[in-house]
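Participant: Next come a sequence and a model predicted from it.
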Amino acid sequence: MGGLLTELGKKLAERWVSLLVLPGALYLAVAATAHTLGHTHPFDLSRLTAQITAWAAHPAATTVGGQVVLLAAVLAGAAAAGLATQALGSATERLCLAAGWPTWPAPFRQLAAWQTTRRQQRWRNAARTWHRHREHDARALARGHRTDPSARHAAERAMTRIAPEEPARPTWSGDRLNAAAVRLERDRHLDLAAVWPHLWLTLPEEARTEITAARQALTRATTLTAWALLYLPLTAWWWPAALITATLTLISWARTRTATDTYALLLEAATRSHARDLVDRLGLDTTGPLTPE
């Protein structure tokens with residue numbers, strides 16, 4: 001037990017440092033830079049160096065007790081910033097996936113409904129264009145002529161850029177996850193929300209590891225969005241913080257879409273591949289192909 005607790009303490013300390021302290025310490029450093037330089041001297045390194053030197057020469061920072069208190073304060077502040085970002089990241093993830101948007105309070109519910117309707121109209125227009133190209137190519141193929149598929153492929157990409165299936169949520173990431181449930185309901189009459197907890201217990205370890213990694217990547221991506229929101233108030237004192245916010249926003253947007261696509265793909269693939277295992281566990285008849293019934 002002693003060795004187990006020691007190893008567990010090391011793992012927890014590593015995660016605490018990597019997830020909370022290091023990003024929080026970087027945030028505190030940027031905040032101190034913003035407070036020192038301001039808008040008038042945004043890149044004055046000599047001014048920043050002089051201020052750091054003055055802080056280091058302060059009597060409270062030259063004693064052992066003062067250094068211990070200062071280190072504890074920095075660690076506490078960094079951890080507090082990290083915890084605030086984790087909480088904000090959870091809220092950001094809920095907004096990004098928008099699973100329960102009809103229950104959101106006003107005016108967010110009305111705004112989500114307007115955005116969902118707008119995305120549905122755009123998707124239907126793109127879907128009509130894609131169906132028109134597909135039917136045209138099919139008629140040409142029936143006559144023995146093979147047409148250039150580039151227009152059809154471009155129309156399909158334009159449609160899936162809006163949503164893989166008809167939009168039901170105000171965001172692309174929310175519709176990407178919802179598309180997995182829609183396809184399983186349509187093809188296999190499976191309710192993913194009802195089946196998944198039971199299917200998860202029957203999945204092999206390799207599949208669960210891949211799905212867990214994809215889910216954690218999605219959480220990290222939305223947490224990066226939270227960091228961007230946390231850096232935004234610093235622009236009131238130091239305008240280069242706006243560049244940091246914009247950069248983090250773009251990176252988090254790209255990572256969130258990629259992580260959501262991977263996670264949804266793995267959910268759908270695991271359900272289709274291992275639904276028979278769940279049928280076996282439930283003691284149902286598995287002779288022949290796995291039908292929707």
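Facilitator: That came through, no problem. Residues are numbered from 1 along each chain as shown.
Participant: Could you pull up phi and psi at residue 165?
Facilitator: As for residue 165, its main-chain torsions (degrees, to the nearest 10) stand at phi -120, psi 180.
Participant: ok, the nearest residue to it once chain neighbours are set aside - contacts?
Facilitator: Closest residue to residue 165 apart from its sequence neighbours, by CB to CB, 6 or more residues apart in numbering: residue 179 at 4.3 Å. Placement of C-beta: from N, CA and C, glycine included. Neighbour list for residue 179: 163, 164, 165, 264 [criterion: CB atoms under 8 Å, 6 or more residues apart in numbering].
Participant: ok now the helix or strand containing residue 179, how far from the chain's centre?
Facilitator: Per DSSP states H and E, residue 179 falls inside helix 172-188. Distance, stretch centre to chain centre, for helix 172-188: 17 Å (CA atoms, centre = their mean, to the nearest Å).
Participant: And it, what's buried?
Facilitator: 172-184, 188 (16 or more other CB atoms under 10 Å).
Participant: Could you tell me the average pLDDT over that helix, please?
Facilitator: Mean per-residue pLDDT for helix 172-188: 92.
Participant: element containing residue 276?
Facilitator: Secondary structure (DSSP H and E) places residue 276 in helix 241-281.
Participant: hang on, the earlier thing: pipe the buried residues of helix 172-188 into TSV and attach distance to residue 108 per row.
Facilitator: Supplementary listing: those in TSV, determined by distance: CB to CB, whole Å:
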residue	distance to residue 108
172	18
173	17
174	14
175	18
176	21
177	19
178	19
179	23
180	25
181	23
182	24
183	28
184	29
188	34
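Participant: What is the nearest of those residues to residue 112?
Facilitator: residue 174 (9.6 Å; CB to CB).
Participant: right, and that closest one touches residue 93 too?
Facilitator: No - the pair residue 174 / residue 93 is not scored as a contact, 10.5 Å apart, by CB atoms under 8 Å.
Participant: Common neighbours of those two, please.
Facilitator: With CB under 8 Å, 6+ apart, residue 174 and residue 93 have no common neighbours.
Participant: Show me what the helix holding residue 276 is packed against.
Facilitator: Counting contacts by 3 or more CB pairs under 8 Å, 6 or more residues apart in numbering; DSSP states H and E, helix 241-281 is packed against helix 22-37, helix 64-97, helix 172-188, helix 192-202, helix 205-231.
Participant: Distance to residue 149 added to the ones you listed, as JSON lines?
Facilitator: Shown next, in JSON lines, are the helices and strands packed on helix 241-281 (distance: least, CB to CB, whole Å):
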{"stretch": "helix 22-37", "distance to residue 149": "46"}
{"stretch": "helix 64-97", "distance to residue 149": "33"}
{"stretch": "helix 172-188", "distance to residue 149": "23"}
{"stretch": "helix 192-202", "distance to residue 149": "32"}
{"stretch": "helix 205-231", "distance to residue 149": "31"}
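Participant: and these, which is most packed in?
Facilitator: helix 172-188 (a mean of 20; mean count of other CB atoms under 10 Å).
Participant: what angle do it and helix 205-231 make?
Facilitator: 150 degrees (axes from the mean of the first three to the mean of the last three CA atoms, to 10 degrees).
Participant: Thanks a lot, see you next time.
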